[in-house]
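Peer 1: Give the three-dimensional model of this entry:
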Amino acid sequence: MPTREALRLAAEQQLDLVEVAPMGKPPVCRIMDYGKFKFEQQKRDKEAKKKQKVVTVKEVKLRPNIEDHDFNVKLKNALRFIEDGDKVKVTIMFRGRELSHPELGRQILVKMANELKNLVTVEREPKLEGKNMIMILSPKPHN
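Peer 2: Sure, this is the predicted structure:
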């Protein structure tokens, strides 16, 4: 349909001529109320935004020579973060000569993962990065 005729039809119906597919051969247009269309689109976008869940990464920091009680406190914090649906980044910070025994840090991280094994999956295995050893835990999907 010629453009002038389409514009005339849209004016007769008191609606707008909106180009839907400009790259098409020929370009595709539609007669509609553009203000109403934009409003509906905003409503759909807002609804979709409400339904999405933003996953944040919470961090729990430990030292290689941590005592049992302190470890349990950090474990409870990690558990709380997991139950809230957040990922947990468990970091072991080494200082000075502690860095010559990374296996101690790995043992603590493995112990943390084993304590939470029915609630989490290990997204990233313990890995030494500079003076820190990092492991990332993510909550298991609910079935």
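Peer 1: Give the closest residue to residue 81 in space, chain neighbours not counted.
Peer 2: residue 58 (4.2 Å; Cβ to Cβ, 6 or more residues apart in numbering). C-beta coordinates here come from the backbone N, C-alpha and C atoms, glycine included.
Peer 1: Beta-bridge partners for the one you found, please?
Peer 2: According to DSSP bridges, the residues that bridge with residue 58 are residue 88.
Peer 1: need the contact list for it.
Peer 2: Residue 58 makes contact with 78, 81, 86-89 under the criterion Cβ atoms under 8 Å, 6 or more residues apart in numbering.
Peer 1: Can you tell me which of those lies closest to residue 131?
Peer 2: residue 89 (15.5 Å; Cβ to Cβ).
Peer 1: thought the closest one was touching residue 60?
Peer 2: Yes. Counting by Cβ atoms under 8 Å, residue 60 is a contact partner of residue 89 at 7.3 Å.
Peer 1: Quick check: neighbours of the helix or strand of the chain with the lowest mean pLDDT in the sheet, parallel or antiparallel?
Peer 2: Every helix and strand in the chain was compared by mean pLDDT, DSSP states H and E; the lowest is strand 16-21, with a mean of 84. Its sheet considered, strand 16-21 pairs with strand 28-32 (antiparallel) by DSSP bridges.
Peer 1: List the buried residues in the strand it pairs with.
Peer 2: Using 16 or more other Cβ atoms under 10 Å as the test for burial, strand 28-32 gives residue 29.
Peer 1: Convert it to CSV, retaining C-alpha atoms only.
Peer 2: Output of strand 28-32 as CSV, limited to C-alpha atoms (Å, rounded to 0.1, in the frame of the first residue of the first chain):
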residue,chain,number,x,y,z
VAL,A,28,6.0,-3.0,7.4
CYS,A,29,3.7,-0.5,9.1
ARG,A,30,0.7,-0.8,11.4
ILE,A,31,-2.2,1.4,12.2
MET,A,32,-2.5,1.7,16.0
